[in-house]
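S.K.: Below is the structure, and that's it, no one-letter string:
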């Protein structure tokens, strides 16, 4: 069966520090991968999505970037964190059809 | 462009009462519709989805939703709620026949069930 792993679960980082969040999917190949951010009262905001290795689409210009170095690995990064980067980050995958997305358990990022 | 509006940010109800969480969408093309539930500090879990066919969709945990194309709505209902249904609920939409495009979510509705 397919599973999605996301880590770390929680992270406290100082302003100006770098960030790397990792998401991996097991049990499938060539998944579509997504990064969402959830801020209080703002629902889920799509940040990036990828339909294949090296293919990244950015939905919101910001302080973050994404990479997909392997088929089932999706990384969210920042060179210098801002206070406004705080939030709950969720990774999701879909096999490319329309059966619905499967989400990871999320990373709670607090920038201090 | 698509958009989703969840008409109520918070819905308080008593245990065993019925509940309806309202969702309206806007899109220039045909869509697929979803409802997700999120418990505190967890990821999102799919409750139900409408892809095609019957407009009344049944999901997990006794929830159901009805797709109404003329009113561009996809309201979520449960005839009798439990304390354990307390969570945040998200309605989402994606364009039909556009593989790879992402889900667009509403801002969520917090359902609070009390005894």
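M.R.: In hand now; what should we look at? The structure presented is a predicted model; accordingly, all values stated were derived computationally and were not measured.
S.K.: which parts of chain B sit against chain A?
M.R.: Contacts of chain B with chain A, taken as C-beta under 8 Å from any C-beta of the partner chain, map to B:9, B:32, B:34, B:36, B:41-46, B:49, B:51, B:90, B:94, B:96, B:99-100, B:102-108. Bear in mind the C-beta positions are built from the backbone N, C-alpha and C, glycine included.
S.K.: Which PyMOL command selects the buried ones in the residues you listed?
M.R.: This is how PyMOL selects the buried members of the residues of chain B next to chain A, with burial counted by 16 or more other C-beta atoms under 10 Å in any protein chain shown:
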select buried, chain B and resi 32+34+36+42+43+44+46+49+90+94+102+103+104+105+106+108
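S.K.: From the residues of chain B next to chain A, which land in strands?
M.R.: B:32, B:34, B:36, B:44-46, B:49, B:90, B:94, B:104-105 (DSSP state E).
S.K.: Which member of these is positioned nearest residue A:102?
M.R.: residue B:46 (7.6 Å; C-beta to C-beta).
S.K.: returning to that earlier point: is it possible to get the ones in strands among the residues of chain B next to chain A out as TSV so that each row also shows pLDDT?
M.R.: Formatted as TSV, those follow (pLDDT from 0 to 100):
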residue	pLDDT
B:32	89
B:34	94
B:36	96
B:44	91
B:45	93
B:46	92
B:49	92
B:90	95
B:94	85
B:104	87
B:105	90
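S.K.: how about these, which pair is most distant?
M.R.: For these, the farthest-apart pair by C-beta to C-beta is B:45 and B:104; their separation is 18.3 Å.
S.K.: Tell me how far the residue most central in space within chain B lies from residue A:14.
M.R.: Centre of chain B computed as the mean C-alpha position; nearest residue by C-alpha atoms, centre = their mean is residue B:35, 3.3 Å away. Separation of residue B:35 from residue A:14 (C-beta to C-beta, to the nearest Å): 38 Å.
S.K.: What is the least confident helix or strand in chain A?
M.R.: strand A:55-58 (a mean of 87; mean pLDDT, DSSP states H and E).
S.K.: what's the answer for chain B, then?
M.R.: For chain B, judged by mean pLDDT, DSSP H and E, that is strand B:104-105, with a mean of 88.
S.K.: which strands and helices sit next to that one?
M.R.: Helices and strands touching strand B:104-105, by 3 or more C-beta pairs under 8 Å, 6 or more residues apart in numbering or on different chains; DSSP states H and E, are strand B:3-6, strand B:87-95.
S.K.: Could you say which of the ones you listed is packed most deeply?
M.R.: Ranked by mean neighbour count, the helices and strands packed on strand B:104-105 are led by strand B:87-95 with a mean of 24 (mean count of other C-beta atoms under 10 Å in any protein chain shown).
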